[in-house]
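K.L.:
only geometry, no sequence info:
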Ligand SMILES: Nc1ncnc2c1ncn2[C@@H]1O[C@H](COP(=O)(O)OS(=O)(=O)O)[C@@H](OP(=O)(O)O)[C@H]1O
Ligand SMILES: Nc1ncnc2c1ncn2[C@@H]1O[C@H](COP(=O)(O)OP(=O)(O)O)[C@@H](O)[C@H]1O
């Protein structure tokens with residue numbers, strides 16, 4: 001194995017000391033849902049809210065990941081698995097740094113989301129299912145991708161000709177309501193508060 005002769009170094013400044021200094025319990029808020037479900041919009045609003053409360057946050061989403069770290073990956077099942085694996089490892093490093101991490105990826109496969117959970121300690125992985133129906137996502141179509149997927153211009157599009165495995169027992173299940181995003185993020189925040197996660 002590639003790691004056979006690599007010895008883990010135990011540092012004196014560690015997750016606990018960093019978290020104490022930052023005065024927060026680091027976690028990953030893992031938003032999952034179809035394209036157009038509202039992941040990026042809600043993650044952005046939630047991060048703003050946490051940031052205003054002087055929390056130390058970092059939002060990982062398509063723009064800063066698929067253009068860089070995962071710039072070599074496409075949308076085959078194999079590439080999506082690798083995409084989520086890399087993001088999970090990065091999220092773990094941020095948690096080790098004491099950060100509240102927000103992620104906004106479709107992350108369509110249960111096994112890959114569970115992989116991220118398995119890298120973290122109990123309570124550090126918060127799965128947030130943005131449960132917006134396909135019809136709503138398709139009517140929003142903010143990037144025109146559903147239209148292209150329906151016409152066959154793009155292949156392997158989630159919800160059309162590529163699978164989405166909905167979470168079975170997410171920590172947070174955000175059901176759809178026809179309302180502005182600012183209202184939805186308040187509902188999300190209240191659910192997180194109820195569970196003592198923010
Ligand atoms: N074939 C196909 N299927 C799904 N999505 C596609 C595809 N091609 C491009 N896009 C755009 O890429 C964004 C999804 O990237 P993710 O990294 O979140 O996908 S995944 O988690 O690896 O499945 C997704 O962004 P969001 O709309 O923000 O979800 C799309 O804009
Ligand atoms: N209540 C809501 N929550 C989130 N997004 C909403 C809401 N209502 C309308 N929208 C719109 O839906 C679109 C969601 O797109 P986006 O956040 O990019 O989703 P995703 O990241 O899941 O693809 C945006 O154009 C946003 O303004």
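P.N.:
Cool, the structure landed. Computed from a prediction, not measured in an experiment: that's the story for all the values here. Ligands and ions are numbered 1, 2, ... in the order given.

K.L.:
spit out the contact partners of the most centrally placed residue in the chain.
P.N.:
Note on the chain: the residue nearest the mean C-alpha position is residue 103, at 2.7 Å, using CA atoms, centre = their mean. For residue 103, the contact set (CB atoms under 8 Å, 6 or more residues apart in numbering) comprises 28-31, 43, 59-61, 87, 91. C-beta here means a position set from N, CA and C on the backbone, and glycine is covered the same way.

K.L.:
helices of the protein, start to end?
P.N.:
15-22, 39-52, 62-64, 77-96, 110-119, 134-140, 145-151, 181-194 (DSSP state H).

K.L.:
can you say which of these is nearest to residue 126?
P.N.:
In terms of CB to CB, the element of these nearest to residue 126 is helix 181-194, at 7.5 Å.

K.L.:
so is that closest one next to ligand 2?
P.N.:
Yes: using CB under 6 Å from any ligand atom, we find that helix 181-194 touches ligand 2 at 181, 184.

K.L.:
helix 39-52 and that helix, what's the angle between them?
P.N.:
60 degrees (axes from the mean of the first three to the mean of the last three CA atoms, to 10 degrees).

K.L.:
which elements pack onto helix 181-194?
P.N.:
When contacts are defined as 3 or more CB pairs under 8 Å, 6 or more residues apart in numbering; DSSP states H and E, helix 181-194 sits against helix 39-52, strand 172-175.

K.L.:
just give the nearest non-adjacent residue to residue 160, would you?
P.N.:
Leaving aside its chain neighbours, residue 160 sits nearest to residue 149 (4.4 Å; criterion: CB to CB, 6 or more residues apart in numbering).
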